[in-house]
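Chemist: Predicted structure and sequence below. I'll ask about it afterward.
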Amino acid sequence: MDASYIILGILILIVAYLVYSYNHLIVMRNMVDTSYSNIDTLLQKRFELVPNLVSTVKGYMNHERELLEAVTRARSDWMNASTIQENAGADNVAAKALKSIFAVAENYPDLKANKNFLMLQEELVGIENKIAYARQRYNRTVLDLNNAIQKFPTNIVAHYFKFQTKEFFEVESGKVREVPQVKIYEGED
């Protein structure tokens with residue numbers, strides 16, 4: 001009779017561990033999905049400000065058309081992104097183009113004094129900081145999930161229930177990591 005209680009106790013512990021592991025993996029996967037949704041929401045907010053920024057600076061930056069087009073193109077790429085990597089690529093291009101616009105704006109004193117531009121710049125800087133934090137949080141939750149999926153003995157539960165590792169939100173190529181080159185306009189064309 002004692003052996004049957006021991007076996008029953010072991011079976012209960014195994015089942016309890018399986019249930020705990022499965023539920024823990026579900027919670028972690030949901031945290032990753034929520035973190036990604038937070039990034040997407042912030043990117044949407046950023047890109048909703050882009051048309052206002054473009055219309056504000058368009059009159060001042062006639063000679064910086066490629067920067068304005070890059071921001072608009074990045075917005076379109078983000079809206080059409082279907083994977084994390086495509087989304088990250090569009091995000092990185094947009095961030096680079098926006099930084100370039102703000103750097104070039106230094107050459108236009110009237111633009112730097114424009115209240116709309118200053119308000120948009122301040123709001124975009126705040127959003128950029130939030131996006132950076134959200135990316136870090138997303139990557140941290142992806143790391144935790146991927147570690148749980150790959151570590152023994154949770155990997156057995158993950159494999160049985162077909163949990164998949166997730167991709168990190170990262171820069172796609174070395175080209176995107178390059179520091180933007182800012183051209184300073186010094187005369188009429």
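Modeler: Structure's in. What do you need? Keep in mind that this is a model prediction, so the values were computed, not measured.
Chemist: Just the helices from this protein, written as ranges.
Modeler: 2-58, 65-80, 84-105, 109-113, 115-150, 154-160, 174-177 (DSSP state H).
Chemist: Tell me the buried residues in stretch 126-139?
Modeler: Ile127, Glu128, Lys130, Ile131, Ala134, Arg135, Arg137, Tyr138, Asn139 (16 or more other Cβ atoms under 10 Å). (Each C-beta comes from the backbone N, C-alpha and C, glycine too.)
Chemist: Next up, the contacts around the last one.
Modeler: In other words, Asn139. Counting by Cβ atoms under 8 Å, 6 or more residues apart in numbering, Asn139 touches Phe168, Phe169, Glu170.
Chemist: among those residues, who's most crowded?
Modeler: Most neighbours among these, by other Cβ atoms under 10 Å: Phe169, with 22 neighbours.
Chemist: neighbours around the residue nearest to Thr165 when sequence neighbours are not counted, how many?
Modeler: Once flanking residues are discounted, Thr165 sits nearest to Asn146: 4.5 Å by Cβ to Cβ, 6 or more residues apart in numbering. Neighbour count of Asn146, defined by other Cβ under 10 Å: 19.
Chemist: Quick check: the gap between Asn146 and Leu68.
Modeler: 39 Å (Cβ to Cβ, to the nearest Å).
Chemist: So which helix or strand of the protein has the lowest pLDDT on average?
Modeler: helix 174-177 (a mean of 46; mean pLDDT, DSSP states H and E).
Chemist: Ala88 touches Phe169, doesn't it?
Modeler: Yes: contact criterion Cβ atoms under 8 Å: Ala88 and Phe169 qualify, at 5.1 Å.
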